[in-house]
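> Curious how this folds, go ahead:
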Amino acid sequence: MSSDLKGAWQQVLPGDLDQHLKNIGQAEVNGKLISEMLGALSLSTGTRVLIPGAGTGQMLDYCDTVVLSPLKLTFTEINFMFLTRIRTKLNSFPMLDAQVIHDDIESTNLEGPFEVICGILLLEHIDWELGLRNLISLSPRHVLLIVQQNENGGNVVTASAEIPWSIQKFSENAKPLLIDIGKLTDWLDRKGYELLGRADATVPNSKKMVGLSYCQK
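Numbering: from 1, shown residues only. As a prediction, the model looks like this:
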């Protein structure tokens, strides 16, 4: 993540991010996608799952708690305001075993192993090769990723819906880029992870969310 992007991200307000993702239909779709992807793994109780760059924990508003409740969850973020929002949301889910940690995945201080890593619209905002290199150093067996694709082409993350103030300021100062799924899959294959499944879900503004499930060979 460039210094401009990192600084801009840390100024985004939690309420603005929640409202923005709701407006563009991504929060609900991503929550359901990651629930389905996790559920398909048949994980045992106590499995350690890392959700880096978790935003405000918006996945909690839409994930299936039956899937999440047996797991040991770790949410990370570089935006301290988002961490506070995640902790507040977790108060509504006492059945979840979860911790919240301040961390920059590009220079992480996390200690593994984690059986599963879930990156939800994370790679678009970071140096994705550096971030993934750090993530797989935590020895995950499964890497679950959700990335955005534009149906009309192009490689810039955009939205045509009305944008909250701090999201608009973020967009003015930083330009996240979409991920080439082919390059991503080839890169992970070279690191010992094969693509086991893909699920596409359409969202407004001619975009789609793509869930990618990779497993250690």
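> Now do residue 99 against residue 112, distance only.
14 Å (C-beta to C-beta, to the nearest Å). All C-beta spots, glycine's among them, are computed from the backbone N, C-alpha and C.
> ok, those two, which is more surrounded?
Neighbour count, other C-beta atoms under 10 Å: between residue 99 and residue 112, residue 112 has more, with 15 against 11.
> give me every residue that touches that one.
For residue 112, the contact set (C-beta atoms under 8 Å, 6 or more residues apart in numbering) comprises 137, 138, 139, 140.
> Need the phi and psi values for it.
The phi and psi torsions at residue 112 (degrees, to the nearest 10) take the values phi -90, psi -170.
> before we move on, what about residue 195?
phi -80, psi 120.
> Spell out which helix or strand contains residue 147, please.
strand 142-150 (DSSP states H and E).
> which other helices and strands contact that strand?
If you count contacts as 3 or more C-beta pairs under 8 Å, 6 or more residues apart in numbering; DSSP states H and E, strand 142-150 packs onto helix 26-39, strand 116-120, helix 128-136, helix 181-190, strand 207-216.
> any idea which of the ones you listed is most buried?
strand 116-120 (a mean of 24; mean count of other C-beta atoms under 10 Å).
> which neighbours does that one have in its sheet, and in what orientation?
strand 48-51 (parallel), strand 142-150 (parallel) (DSSP bridges).
> contacts for that strand?
30, 34, 37-38, 41, 43, 47-55, 59, 71, 131, 135-136, 138, 140-146.
> repeat that with 7 Å
Residues outside strand 116-120 that contact it (C-beta atoms under 7 Å, 6 or more residues apart in numbering) are 30, 34, 41, 43, 47, 49-53, 59, 135, 138, 140, 142-146.
> angle of it against strand 207-216?
Strand 116-120 runs at 160 degrees relative to strand 207-216, counting by axes from the mean of the first three to the mean of the last three C-alpha atoms, to 10 degrees.
> what about strand 116-120, distance to the chain center?
6 Å (C-alpha atoms, centre = their mean, to the nearest Å).
> do stretch 73-87 as well
Per C-alpha atoms, centre = their mean, the centroid offset for stretch 73-87 relative to its chain is 12 Å.
> what's the span of it, first residue to last?
One end of stretch 73-87 sits 12 Å from the other (C-alpha to C-alpha, to the nearest Å).
> Could you list the buried residues of it?
Across stretch 73-87, burial judged by 16 or more other C-beta atoms under 10 Å covers 73, 74, 75, 76, 77, 78, 79, 81, 82, 83, 85, 86.
> In this protein, what helix or strand scores lowest on average pLDDT?
helix 165-173 (a mean of 62; mean pLDDT, DSSP states H and E).
> Having no further points to raise, I will conclude here.
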